[in-house]
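Student: I'll drop the sequence and a predicted model, then ask my questions.
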Amino acid sequence: MKDKRILLIFLTVFIDLVGFGIIIPMNPYLAKEFGATPVQVGWLMSIYSLMQFVFAPFWGKLSDRWGRRPIILLSLFASAASHFGFAFAESYWGLFVFRMLAGVGGGNLPVAMAYIADITDEKNRSKGMGLIGAAFGLGFILGPALGGIFSGVGLKLGSAPPFGESFPGIVASAICFVNLLGAIFYLPESLSAEVRKDQKNRKVKFETPWTRLKNIFLKSQQSASLARLYGVYFLTGLSLAVVEIPLFLFVEAKFGWTMAQASYGFAYIGVLMVLTQGYFIRKWLPRLGERKMLPLGLILFGVGLGGCAFASSPWGMAPFVTFLAIGYGLSNPTLTGSISLLSSAEEQGSNLGVAQSLASLARILGPISGGYLFEQWFMGAPFLTGGLLALTGFLVSLAVLKKLRSGEKEATP
């Protein structure tokens, strides 16, 4: 039964992220078509993560109270509706509004992680989180490819929205709507009735981002280990986000790569991350455990990021890109699993929601910072910065390893 539920939540997240992945390449092309400046394109890329940062903890807390299933269903509906509206948008601000709405309703990932936490024991927790990471990676490999295919189909059907290059939004909406129907009929609730009953006596309050950050700081006074893991989670997300834009610019400027060649390179990274999070971590984690897997992943990730700065050829860069992908694939699910292990049953959704809020904050700050470093400093600066951030996360994680080994949860005063 548990295996069946893990498969169902994996498919739910994967299909939702395929729809999301279809939308990502559409953002800059459609925005420029409507006369957007580069800064406006950047905001269009960031608004989804900004809204997720604001709302993810709220959805996490709500799932602790009402259950994971209704929040997942609501999020799937929000995805289907926002993608549909995105396809029909005829101005930059129309695109902006629907991406903002998608971010507001984008509570699937933290709630799906809480779902995994509900149905796995501590021994298998991080392996279950690895499947969420694999679903994420697969969605981002398949989604953009489908977007390219259906963009061509849309151009044959017409040029005005929802056809032309807007047509993949219709496909993304349809995929999410079918996913919603499947979840309605097949996805069971994971949170026990007892926990839901207890949580219904507590009020669910909406918190501003600044209140959330303040509460994270206050929580560090109650659980230093959990606070450190939050810090590592943020540093890891920021490390990757800092190099997202510079990686395209780097291979173009240094190796003369075309967009197609760069896409193949990113597909290689995506495939490695999927294999690591979906297969290798399930084989290695029982042997190594979180306390060895986490530092190993962070070291590989940091060395891979920093080493890219010194690459003088594609073949010289290949080993570092491999370290980067495998290191992130090992560390990310181990981090989410470790946060879950240090959280009580009543706080799984809210604590994982906090982690996803910090990841969203990293995705807001990272691309802007990376672009600035690449332009104002030198081409390798974003990679060195990302590597230093990841290795700083490794040093912070050393203080938590004893807790991870014992599985002990710190008592709150």
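Tutor: It's in.

Student: top helix in the chain by residue count?
Tutor: Counting residues, the longest helix found in the chain (DSSP state H) is helix 125-157.

Student: centre of the chain to that one, how far?
Tutor: Relative to its chain's centre, helix 125-157 lies at 13 Å (CA atoms, centre = their mean, to the nearest Å).

Student: may I see the buried residues of that helix?
Tutor: 125-147, 150-151, 154 (16 or more other CB atoms under 10 Å). Where C-beta positions appear, they are placed from N, C-alpha and C, glycine not excepted.

Student: how many residues are close by Asn179?
Tutor: Other residues lying near Asn179 total 25 when counted by other CB atoms under 10 Å.

Student: so who does it touch?
Tutor: Listed by CB atoms under 8 Å, 6 or more residues apart in numbering, the contact set of Asn179 reads Thr12, Ile15, Asp16, Gly19, Leu76, Ala80.

Student: do Ile6 as well
Tutor: Going by CB under 8 Å, 6+ apart, the list of residues near Ile6 reads Ile116, Ile119, Thr120, Gly128, Leu131.

Student: again, but for Gly169
Tutor: The contact partners of Gly169, by CB under 8 Å, 6+ apart, come to Ile22, Ile23, Met26, His83, Phe84, Phe86, Ala87, Phe88, Pro162.

Student: now flag whichever of the contacts of Ile6 is closest to Ser239.
Tutor: Distance ranking of the contacts of Ile6 against Ser239, using CB to CB, places Leu131 first at 22.7 Å.

Student: now that closest one: how far from Val232?
Tutor: Using CB to CB, to the nearest Å, one obtains 21 Å as the distance from Leu131 to Val232.

Student: same check, this time on Pro333
Tutor: Pro333 is 13 Å from Val232, by CB to CB.

Student: which stretches of the stretch 151-300 of the chain have low pLDDT?
Tutor: Counting by pLDDT under 70, the stretch 151-300 of the chain contains low-confidence ranges at 192-224, 248-249, 258-264, 266-267, 278, 289-290.

Student: same list (the contacts of Asn179) but as CSV, adding distance to Ala390.
Tutor: CSV is the format used below for the contacts of Asn179 (distance: CB to CB, whole Å):
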residue, distance to Ala390
Thr12, 30
Ile15, 31
Asp16, 28
Gly19, 30
Leu76, 33
Ala80, 36
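
Student: could you pull out the helices for the stretch 301-413 of the chain?
Tutor: Taking DSSP state H, counting those that start in this stretch as the criterion, the stretch 301-413 of the chain carries its helices at 314-341, 348-376, 381-397, 401-406.

Student: show me the one of those that comes nearest Ser49.
Tutor: For the helices of the stretch 301-413 of the chain, proximity to Ser49 was assessed by CB to CB; helix 348-376 is nearest, at 4.1 Å.

Student: distance of the closest residue to Phe310 other than its chain neighbours relative to Val243?
Tutor: Closest residue to Phe310 apart from its sequence neighbours, by CB to CB, 6 or more residues apart in numbering: Gly380 at 6.8 Å. Between Gly380 and Val243 the distance is 10 Å, computed by CB to CB.

Student: for Ile23, see how far away Phe394 is.
Tutor: Computed as CB to CB, the Phe394 to Ile23 distance reads 34 Å.

Student: settle it for me: which of these two has more neighbours?
Tutor: Ile23 (27 against 21).

Student: residue contacts, Gln40?
Tutor: For Gln40, the contact set (CB under 8 Å, 6+ apart) comprises Ala31, Tyr92.

Student: so which strand or helix has it?
Tutor: helix 38-66 (DSSP states H and E).

Student: report the angle between the next helix or strand after that helix and helix 348-376.
Tutor: Along the chain past helix 38-66, the next helix or strand (assigned with DSSP H and E) turns out to be helix 68-88. Using axes from the mean of the first three to the mean of the last three CA atoms, to 10 degrees, one finds that helix 68-88 and helix 348-376 are set 40 degrees apart in direction.

Student: buried sites along helix 68-88?
Tutor: Of the residues in helix 68-88, 68-69, 71-87 count as buried by neighbour count, 16+ other CB under 10 Å.

Student: and that helix, average pLDDT?
Tutor: Averaging pLDDT along helix 68-88 yields 88.

Student: CA-only coordinates of the helix or strand that it is followed by, as CSV, when you get a sec.
Tutor: Later in the chain than helix 68-88, the nearest helix or strand by DSSP H and E is helix 92-104. What follows is helix 92-104, C-alpha atoms only, in CSV (Å, rounded to 0.1, in the frame of the first residue of the first chain):
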residue,chain,number,x,y,z
TYR,A,92,3.0,41.4,-20.9
TRP,A,93,0.9,42.2,-17.8
GLY,A,94,-1.5,39.4,-18.7
LEU,A,95,1.4,37.0,-18.7
PHE,A,96,2.6,38.5,-15.4
VAL,A,97,-0.7,38.1,-13.6
PHE,A,98,-1.1,34.5,-14.6
ARG,A,99,2.4,33.6,-13.6
MET,A,100,1.8,35.3,-10.3
LEU,A,101,-1.4,33.3,-9.8
ALA,A,102,0.5,30.1,-10.6
GLY,A,103,3.0,31.0,-7.9
VAL,A,104,0.3,31.7,-5.3
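
Student: list the buried residues for helix 92-104?
Tutor: Of all the residues in helix 92-104, those buried under the rule 16+ other CB under 10 Å are Tyr92, Gly94, Leu95, Phe96, Val97, Phe98, Arg99, Leu101, Ala102, Gly103, Val104.

Student: my read is that Val111 contacts Phe58, right?
Tutor: No: Val111 is not in contact with Phe58 according to CB atoms under 8 Å; the separation is 11.0 Å.

Student: which of those two has more neighbours?
Tutor: In this view Val111 and Phe58 are compared by other CB under 10 Å, and Val111 has more residues nearby, 31 against 20.

Student: roughly how far does that one sit from Ala172?
Tutor: Distance from Val111 to Ala172, counting by CB to CB: 20 Å.

Student: check Pro110 too.
Tutor: For Pro110, the distance to Ala172 (CB to CB) stands at 21 Å.

Student: which residues in the stretch 101-250 of the chain form helices?
Tutor: Counting by DSSP H, counting those that start in this stretch, the stretch 101-250 of the chain has helices at residues 108-119, 125-157, 167-186, 193-199, 209-222, 224-242, 244-255.
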